[in-house]
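Student: Please work out how this folds:
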Amino acid sequence: MLKQRSKSTLTLIIIGILALSSIIYCASPLDELKDQLIDIKKWDAEEIEESNVNVAGMKIINVYRTYSKDDKSFDATILVGSNMMIQGQTQGIDIETSDVKVVTSEIDNFNVIQSFNKDENEGYIVVTLIQGLTEGSLFMINFTGLNSDEALDIAKRYNWQEMKTISSGMIN
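Tutor: Okay, here's the model as predicted:
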């Protein structure tokens, strides 16, 4: 009887330790967001960086990573926070001039803005992940040395839906 009780107690202790370690080692939403800035095959990637900004009550969480290959580079950024800080990037625009093209479209149920400076061979892509009344989330690619189609192909390698899911858990 004593041997069986010791075995049961030991089992309960092991289960308790496993439960506590899963709580301790559970990734935070910020860590989960950083995990979305994946490695891209044949591109050199720097370490993921993060910042938290609070300006007069408007808060932004920003995770970003820089990638390079030959004379090409891009930054991938995920922003989560106060909508007033990010909504200016999400307004619908369609413009084309001899040197600049800006196109708004819907891709996989996400609003996407593509801006490309033909002369400079650079631009950006903004994917609206969440646009609420007071808070939102964006995924952005700023690129140099790529054309807009190449940049969009890279942007599509990221899991926008997963970014949206994680971001929604970070918004109050």
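Student: contacts, neighbours, all on C-alpha from now
Tutor: Will do.
Student: Nearest the middle, which residue of the chain would you pick?
Tutor: residue 78 (3.3 Å; Cα atoms, centre = their mean).
Student: Next one: that residue from residue 167, what distance?
Tutor: 9 Å (Cα to Cα, to the nearest Å).
Student: which residues do these two both contact?
Tutor: Common neighbours of residue 78 and residue 167, using Cα atoms under 8 Å, 6 or more residues apart in numbering, are 33, 137.
Student: quick revisit: may I have the beta-bridge partners of the residue nearest to the centre of the chain?
Tutor: For residue 78, the beta-bridge partners are residue 63, residue 139 (DSSP bridges).
Student: tell me the contacts of it?
Tutor: Counting by Cα under 8 Å, 6+ apart, residue 78 has contacts 33, 62-64, 137-140.
Student: If we use 7 Å, what do you get?
Tutor: Counting by Cα atoms under 7 Å, 6 or more residues apart in numbering, residue 78 makes contact with 62-64, 138-140.
Student: top of these by neighbour count?
Tutor: Scoring the contacts of residue 78 on neighbours with other Cα atoms under 10 Å, the highest-scoring entry is residue 138 at 27 neighbours.
Student: so what's that one closest to, chain neighbours aside?
Tutor: residue 128 (4.8 Å; Cα to Cα, 6 or more residues apart in numbering).
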